[in-house]
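> How does the following fold in three dimensions:
(chains A and B)
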Protein chains: 2
Amino acid sequence: MAEPYYKYHVFFCTNVRDDGRPFCAAHGSMALRDYAKKKVKELGLAGRGQVRINTSGCLDRCEEGPVVVVYPKGVWYTYVDREDIDEIISEHLQHGRLVQRLLLPQ
Amino acid sequence: MAEPYYKYHVFFCTNVRDDGRPFCAAHGSMALRDYAKKKVKELGLAGRGQVRINTSGCLDRCEEGPVVVVYPKGVWYTYVDREDIDEIISEHLQHGRLVQRLLLPQ
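As a prediction, the model looks like this:
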């Protein structure tokens, strides 16, 4: 198979709910996605053949949120703060190593 | 590797732009994503281990849009109408066959 269009395509759930179920936006997912996008760009990692950081609608793992999924491998993480995002970027997106402490069940 | 959380995780770009660049929402991507989500549910394909239909922010292939990407394989399609969506669902999501006529460069 050819190289994927994006080596790492990262989707941050930024969904908002009002039905009583937890939702990722309540954990600051929008701001932390913006932080990730900016940092990836600053590091020169953004673009075709490299990394793309996206928002997404509800990924339906609300109770485990906030959640982010890294394709094409389909690696799921949770996170709390910028340090967690930094670690996902430096370990996973720059060096291809999983961040074990933030992994969700695959 | 374990089974992926979603066998087919489908992201419809539903981004809106006002900078003169084309954008997927201008091609009815939100309505066609809603149609896909409803149809996948009706067919009993939705859920863990099966299919998830999501919206996403800009996938940065605006000039080729509207675009949709199917992970974990990272198969990119464009589409025009419900018939195209029906074909992606029946061929790709139900039978694992690519819809050649709608493929974008991978």
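
> Contact partners for the most centrally placed residue in chain A?
The residue lying closest to the centre of chain A (Cα atoms, centre = their mean) is A:Val68, at 3.6 Å. Neighbouring residues of A:Val68 by Cβ atoms under 8 Å, 6 or more residues apart in numbering or on different chains: A:10-13, A:29, A:33, A:76-79, A:88. The C-beta positions use only the backbone N, C-alpha and C, and glycine is treated the same way.

> Give me the contact list for stretch A:9-29.
Contacts of stretch A:9-29 (Cβ under 8 Å, 6+ apart): A:30, A:32-33, A:36, A:51-59, A:61-63, A:65-72, A:80, A:93, B:11, B:54, B:56, B:69, B:71, B:74.

> Tell me the buried residues in it?
Going by neighbour count (16 or more other Cβ atoms under 10 Å in any protein chain shown), the buried part of stretch A:9-29 is A:9-15, A:23-25, A:27-29.

> What's the end-to-end length of it?
17 Å (Cα to Cα, to the nearest Å).

> swap in stretch A:5-20?
Across stretch A:5-20, first to last residue, Cα to Cα, it's 37 Å.

> do stretch A:19-26 as well
Termini of stretch A:19-26 sit 13 Å apart (Cα to Cα).

> For A:Glu3, give me the pLDDT.
Looking at A:Glu3, its pLDDT is 85.

> Look up how far chain B lies from the nearest residue to it once chain neighbours are set aside.
Closest residue in space to A:Glu3, ignoring its immediate chain neighbours: A:Gly49 at 6.3 Å, by Cβ to Cβ, 6 or more residues apart in numbering or on different chains. Relative to chain B, A:Gly49 is positioned 12 Å away (Cβ to the nearest Cβ, to the nearest Å).

> Hmm, A:Gly49 is touching B:Gln106, no?
No. Shown here, A:Gly49 and B:Gln106 do not form a contact pair, counting by Cβ atoms under 8 Å, at 11.5 Å.

> Thanks again, I'm all set now.
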